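*Asks:* no sequence on this one, just coordinates:
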């Protein structure tokens, strides 16, 4: 027996690993995708260990949807030094577990301690590990696979030797895996343990017949039957563990099946089409391993490792996501859409580590080195070694820096001002919604008692408004097109349903939709977050429903995970003690016998490796070339137009200017200035979705192009056609500069008077309820007319409402439809087809659409294109005959700008043309037209709206065109004014008391006669959003 | 067989023994004599209430108290052989009737009742409410003022207490005396013809309420006059017309409140509509509109929607530009418009819109729109897109249209 000496490779791997990762996680972990979610869960356990119900997200959800060990560990540690201390400590533990896990796994596979040491060393910088930890922050996943790797030698020894101590150790470690991550043990069974069992059988068979090459299928089968009961014993035991240890999880999964529609994930993309996904989910996790692919498969397809070879093949194929149809066929549609496939690549790369360690060993001090030196000389070997090491370091640094150069998260937000805001003045009695926070929303939730309707663990969602849509979070809904913005609009239109009163906006993209849905700016917090509020929202009731679970399940959930760790620790401490401190010599475990001798590396493998590397380099060069051609901006007229709009889209105006014709005499300063003064929906709130460039006419040196662009804005999808002239100078194409507004307003300096309002809120600083006399009277409104109409198949309520009070009012209109038996069919609020802020005596038309939850039926066809303005009409169970309107007025003091005037409005067939003139002192960011349609009896029958894409600066004009609708299929169902209530009082009484002498004949002044299909008059009202009021 | 017989026998014996127990299960009711030791049964809220009884046997006697808060059970503190019960403050501070029973072994042995009156200490300020806090002038609208004087323990005080409700408006100070009825006293405060602020308060004895504010807003606006001011009478498409109203008043002569909307509606002789709006300050609303770019005649009127309106006003705009020259250059491909001169022969301010329509064989092939800069507008018909040939060109803008047939581009 050899003298046990400390494995210096393992020690250095641990030292370097803990130093490198342990110090860098402080700069990376908080900006990863998942870490803050785990932190939020940890906070939940820290504050209520045994209560699985959490009210903070999704109007309540259960934390039994995710195995709790990692969260509970962070929670426990947080009691010592706070949540982040817990997070980082668990992170460091994960790093140690991973490195030692790879060591033990490699030792098991190769039976050589120095090879295992090499493997541990390369594992430290393994790009897949770096990515999983520093970019994705998947701590449970790492801990799960690490502990599984620790369990593998014990499983091997149990099946090989049949000693119960190994079985108990294996079970104790497996239990920890189960409680830390549920997917790992299930797939670990298939991809790690099954091949391992195959390897044990091979080894036992070898013991019988003397060598691997002598093993025939029959011997294999015989050995299998011999070991059968051990395998079955282990199998049944681990199945019991998987079920028992997280029993509440399985029960919860059964009771609350995941109804969430699949949310697109990059790992399911076609990596050749979406190269960014290919980079993140294929190239980075494989990294340098790609270069030694032939070696990996050569080794894993040797007889002993045959089953690992099969497993590795399967894992690599599954990891390719949507690039080939195979993963979808193998997993089935359902699993394919739920699982994130990047984990397969992670496992494949981890499975490759022992062989990579072996390769390194053989390359650095083994037979590969000798063969190479003999064949090509030692210089070549050194160059090759240097390039390999260089590439390995490059991939590692590249991966680490990915989060720095391409941040996946918005900049770190200071939470304190938000927390203070929520604490003050009982603001946490309502729900809030963060917008544009990224995963930092989880960190906010962890720190406050206030609740949000959003959340960051989409498997736990219960609201159909969310589960029926492929939206990750409402918070980043702009990245999810119609489904995202559509979902968000529903929450913003009917916020009282969720007691949602405050929105924290960290992304001005959402500001217009907030404004047009009737929200108002409260103030900007000192961290730059804009707070929006909605008036007339009731606070959250004191008692909110929850799904309770049986006490035994709660106890199991709270106790088992920690017990598994304690048990595993007690059971395994002896081995760890002996192995680490070498207190006594220990017999080599069984698997040490099966290591192979490394001599005479096959020549054909060296040749194959060279061919593979050359091939790979060729592919990389070709890929780079294609990348260059696609992105060479001025090589053709198409490219320059695309590049020009791409630069404008990303607000890189300097780059945009570089595409402007240098002979056009347009100075850079002048160009920048012209860009700077344009504001509006298109230039400030739009994200380009698609661009189609058609070259209309082309000569050698000039061209004329039509760029059809599609832009996503929070309000609607905009298509805009630009005509551009292009010129060619010295083989490069340029864009001729566009015209700009030359108009000179008449006044350099001018003044206007306006009335401003201020509401004190609470005049006394008191934490009690607001004093009775500080509560303002709700402004009195009057509905002038209302009409339930059926347009084609869609039911809508249109009408006009006036603020008849003497103070400005914020107006909320809620309409309900009833059938002939007075049963309620649908309720909804008026969204953006009205002016929500009315000054005294102002009238607005309104339209209430009845929106349903989109795509409730799985068969329903989702629209292919994006259009936030589109909505799904509600499925009515009966025919609506009557309706009810509940209107509420609250004193408003903001957004009362009336400076927008309509000029030169004329009708040309079905086209309304005119000029908008901003006569006031504020720059209008988004003008809106509200167009009311009247029939020949001058009854309101329809209301439509249109957003003007460009903003209007003071004293300037902006022409507009509006195409009139065809509404020939419209039928009025009811114009009954009986069931209309204002602030809870009947509209009729108000009308009788406040405005008995209404001059109805006066309406004509605003009517524009038109020759429309189904209508005879229109009225145009203007509304405006001011992005930066001053 | 034998075993079964013994079992039957045993069963029978147990059954018989069960029915022949000699002791009855129910105890005899023993009536305990109780005498009360207090003469008083009317108290004032807040006063300490202690009930004392003398009993033959003092063990296991408890007091059941029924009040408007519900039922409570009190245990006695025995003192010198007497039963002593202290009514807890939350009951003794509440006005009303308390019924009590003494209970021994679930049997009522004595019952009685107490009367608690409101305390004489009345809480200041008097609890009072006013609503709605804003009404309209004219004497029809009113705010209701309600006073609920209560004692220190929040008990409403006795009916028929005198309350004085006062209000002040301009030079007027009025008070009315009312008696509390069913715990409250209330009065409707009607508006006067003038708008302004009514202050309301109440007193009882030397105690007072807070000051309450009732805002009286002016009533419906009456018709008003529309006025206009413009810098000149030319249609230069640049200057701004200012519309403003006379001071708008309601039917009682009050200037209407600030911030009401007035809409200015204009119809032109070209059948175009224009709309502007403004809000009132001191009864005057102002709206702004840009001058037309061509000679026009405007008919303007202002409205407070469906409530009041102004008279009609007519405005005439003379053409600012009467003519401009067009020169062709560079093989007639360069078309220069200008200098465009305004009414005093000055260069028109930048931004005058000029359009060029290009017709080829009577079909419109292209339209260019440019804005003037320093009085000129340049168009260039590029060789690449307009091959040499015969075209018809039409230039329009500032109310002038010029058409050139058979222009041959080289």
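*Replies:* Ah, there it is. The structure displayed is predicted, hence computed values, not measured ones.
*Asks:* Can you list the low-confidence ranges for the chain?
*Replies:* Since you didn't name a chain, this refers to chain A. In the predicted model of chain A, residues A:1-4, A:481-482, A:580-586, A:631, A:853-872 satisfy pLDDT under 70.
*Asks:* wrong one, I was asking about chain B
*Replies:* B:1-2, B:17-31, B:58.
*Asks:* Centre-most residue in chain A?
*Replies:* Nearest residue to the geometric centre of chain A (CA atoms, centre = their mean): residue A:472, 4.4 Å.
*Asks:* phi, psi of that one?
*Replies:* Main-chain dihedrals, residue A:472, degrees, to the nearest 10: phi -70, psi -50.
*Asks:* Please tell me how far it sits from chain B.
*Replies:* 43 Å (CB to the nearest CB, to the nearest Å). For glycine as for every other residue, the C-beta is placed from the backbone atoms N, C-alpha and C.
*Asks:* residue contacts, the nearest residue to that residue once chain neighbours are set aside?
*Replies:* Excluding its sequence neighbours, the residue lying closest to residue A:472 (CB to CB, 6 or more residues apart in numbering or on different chains) is residue A:263, at 5.5 Å. Residues in contact with residue A:263 (CB atoms under 8 Å, 6 or more residues apart in numbering or on different chains) are A:458, A:470-472.
*Asks:* mind checking which helix or strand residue A:263 is in?
*Replies:* Under the criterion DSSP states H and E, no helix or strand holds residue A:263.
*Asks:* can you tell me how far it sits from residue A:981?
*Replies:* 41 Å (CB to CB, to the nearest Å).
*Asks:* how near is the residue nearest to residue A:472 to chain B?
*Replies:* Counting by CB to the nearest CB, the gap from residue A:263 to chain B is 46 Å.
*Asks:* Which residue lies closest in space to the residue of chain B found nearest chain A, excluding its sequence neighbours?
*Replies:* Nearest residue of chain B to chain A (CB to the nearest CB) works out as residue B:351 at 3.1 Å. Nearest non-adjacent residue to residue B:351, counting by CB to CB, 6+ apart: residue A:743, 3.1 Å away.
*Asks:* ok, now which ones touch that neighbour?
*Replies:* A:956-957, B:350-351, B:371.
*Asks:* Mind checking what secondary structure it has?
*Replies:* coil (DSSP: H, G, I helix; E, B strand; the rest coil).
*Asks:* how far away is it from residue B:371?
*Replies:* Taken as CB to CB, the span from residue A:743 to residue B:371 is 7 Å.
*Asks:* Now for the two: what residues contact both?
*Replies:* B:350-351.
*Asks:* number of nearby residues for residue 272?
*Replies:* Using chain A here. Neighbour count of residue A:272, defined by other CB atoms under 10 Å in any protein chain shown: 14.
*Asks:* wrong one, chain B
*Replies:* Count around residue B:272 with other CB under 10 Å applied: 21.
*Asks:* same check, this time on the one 4 residues further on
*Replies:* Neighbours of residue B:276 under the rule other CB under 10 Å: 28.
*Asks:* Test my guess that it contacts residue B:244.
*Replies:* No: here residue B:276 does not reach residue B:244: they are 11.1 Å apart, not a contact under CB atoms under 8 Å.
*Asks:* How far off centre is stretch A:615-628?
*Replies:* 31 Å (CA atoms, centre = their mean, to the nearest Å).
*Asks:* List the buried residues in stretch B:238-252.
*Replies:* Neighbour counts over stretch B:238-252 (16 or more other CB atoms under 10 Å in any protein chain shown) mark B:238-245, B:248-250, B:252 as buried.
*Asks:* again with stretch B:299-313
*Replies:* Within stretch B:299-313, the residues that count as buried by 16+ other CB under 10 Å are B:300-310, B:313.
*Asks:* List the neighbours of it that are in contact with it.
*Replies:* Taking CB under 8 Å, 6+ apart as the rule, stretch B:299-313 contacts A:784, A:802, A:841-843, A:995, A:998-1000, A:1002-1003, A:1005, B:220-228, B:243, B:245, B:248, B:260-268, B:285, B:287, B:314-315.
*Asks:* list the contacts for the residue nearest to the centre of chain A?
*Replies:* Here residue A:472 is in contact with A:263, A:458, A:479-480 (CB under 8 Å, 6+ apart).
*Asks:* Residue ranges of each domain in chain A, please.
*Replies:* A:8-253+A:264-408+A:553-590+A:606-616, A:417-533, A:634-735, A:777-1025 (automatic domain parsing).
*Asks:* Out of those, which is the most enclosed?
*Replies:* domain A:417-533 (a mean of 21; mean count of other CB atoms under 10 Å in any protein chain shown).
*Asks:* how far away is the residue nearest to the centre of chain A from residue A:265?
*Replies:* Following CB to CB, the distance that separates residue A:472 from residue A:265 is 9 Å.
*Asks:* Could you double-check that residue B:68 lies in contact with residue B:94?
*Replies:* Yes: look at residue B:68 against residue B:94 with CB under 8 Å: they come within range, at 6.7 Å.
*Asks:* Those two: which is more packed in?
*Replies:* It is residue B:94, of residue B:68 and residue B:94, that has more neighbours when counted by other CB under 10 Å, with 18 against 10.
*Asks:* The more buried one: what's it in contact with?
*Replies:* Contacts here follow CB under 8 Å, 6+ apart; on that basis residue B:94 touches B:45, B:67-69, B:116, B:153, B:155.
*Asks:* Show the buried residues in these.
*Replies:* Looks like the contacts of residue B:94 have B:45, B:67, B:116, B:153, B:155 buried, using 16+ other CB under 10 Å.
*Asks:* The residues you listed also near chain A: which ones?
*Replies:* Filtering those for proximity to chain A by CB under 8 Å from any CB of the partner chain leaves nothing.
*Asks:* Among the residues you listed, pick out the one closest to residue A:411, please.
*Replies:* residue B:153 (57.1 Å; CB to CB).
*Asks:* just checking, that closest one is part of a helix?
*Replies:* No: assigned with three-state DSSP, residue B:153 falls outside any helix and is coil.
*Asks:* Name the nearest residue to it, sequence neighbours excluded.
*Replies:* Here the residue nearest residue B:153, using CB to CB, 6+ apart, is residue B:93, at 4.0 Å.
*Asks:* for the one you found, what are its contacts?
*Replies:* Residue B:93 touches B:45-46, B:153, B:155, counting by CB under 8 Å, 6+ apart.
*Asks:* how's chain B carved up into domains?
*Replies:* According to automatic domain parsing, the domains of chain B span B:34-117, B:128-217, B:226-319, B:326-409.
*Asks:* Between those domains, which one is closest to residue A:349.
*Replies:* The nearest among the domains of chain B, by CB to CB, is domain B:326-409 at 56.7 Å.
*Asks:* Now do the closest one: distance to the chain's middle.
*Replies:* With CA atoms, centre = their mean, you get 57 Å for domain B:326-409.
*Asks:* what's the first-to-last distance across that domain?
*Replies:* Using CA to CA, to the nearest Å, the end-to-end distance of domain B:326-409 comes out at 15 Å.
*Asks:* Among the contacts of residue A:743, which pair sits farthest apart?
*Replies:* A:957 and B:350 (13.2 Å).
*Asks:* hey, which helix is longest across chain B?
*Replies:* helix B:2-19 (DSSP state H).
*Asks:* For whichever residue of chain A sits closest to chain B, give me phi and psi.
*Replies:* Per CB to the nearest CB, residue A:743 is where chain A lies closest to chain B, at 3.1 Å. For residue A:743, the backbone dihedrals are phi -60, psi 130 (criterion: degrees, to the nearest 10).
*Asks:* One more: residue A:290?
*Replies:* The phi/psi pair for residue A:290 (degrees, to the nearest 10) is phi -60, psi -40.
*Asks:* before we move on, what about residue A:1010?
*Replies:* Torsion angles, degrees, to the nearest 10, at residue A:1010: phi -130, psi 160.
*Asks:* how far away is it from residue A:477?
*Replies:* 37 Å.
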